[in-house]
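>>> could you work out the structure for the sequence below:
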Amino acid sequence: FHQETTWIQAEAECQHHWRGAHLVSIHSDEENNMLAQYIKREHRKTNPIWIGLSDPQQNRCWRWSDHSPFTFRAWDKGQPNNLTGNEYCAGKSIDTSFQKWHDYPCDYRFSFICKRKPYGKQVA
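Model (predicted):
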């Protein structure tokens, strides 16, 4: 939470500092709620938090940066809306106590959370 950076730089930071890490992917209500509680407890700023979700082809085909399946969704009502015409990266919104996701321009500078698979384990 200490660094604010663009989505692309945040993903690069995760990969650089922790082997096999990416911006966080979220696959269940339980995981989404756990992250929201952690963010509320630890995050001292009022801006959103980058997650590992983006629309790299800019065609409304959202993907996780760790290539895991995009089966769970927690978009806020009316999201993603691409309001500014260049909102292709996702973050957890403070307006929803970090429970819901919004799309944002990828060059906005937000804090971020990384996630790494445990060593020696395969994800089914």
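>>> give me the most central residue, the chain.
Centroid-nearest residue in the chain: Ile51, 0.7 Å away (criterion: CA atoms, centre = their mean).
>>> so that one, which state does it fall into?
Classification of Ile51 using DSSP: H, G, I helix; E, B strand; the rest coil returns strand.
>>> again with Gly78
Assigned by three-state DSSP, the conformation of Gly78 is coil.
>>> check Arg41 too.
Arg41 carries the three-state label helix when classified by three-state DSSP.
>>> how many neighbouring residues does it have?
Neighbour count for Arg41, taken as other CB atoms under 10 Å: 7. C-beta coordinates here come from the backbone N, C-alpha and C atoms, glycine included.
>>> pLDDT weak spots in this structure?
Flagging of the chain using pLDDT under 70 yields the residue ranges 1, 118-124.
>>> mind listing the strands for it?
Assigned by DSSP state E, the chain shows strands spanning 21-23, 49-54, 63-64, 87-92, 101-105, 111-112, 114-116.
>>> out of those strands, which is closest to Thr5?
Nearest to Thr5 among those is strand 111-112 (7.0 Å), distances taken as CB to CB.
>>> for that closest one, which strands pair with it and how are they oriented?
Sheet partners assigned to strand 111-112 using DSSP bridges are listed as strand 49-54 (parallel).
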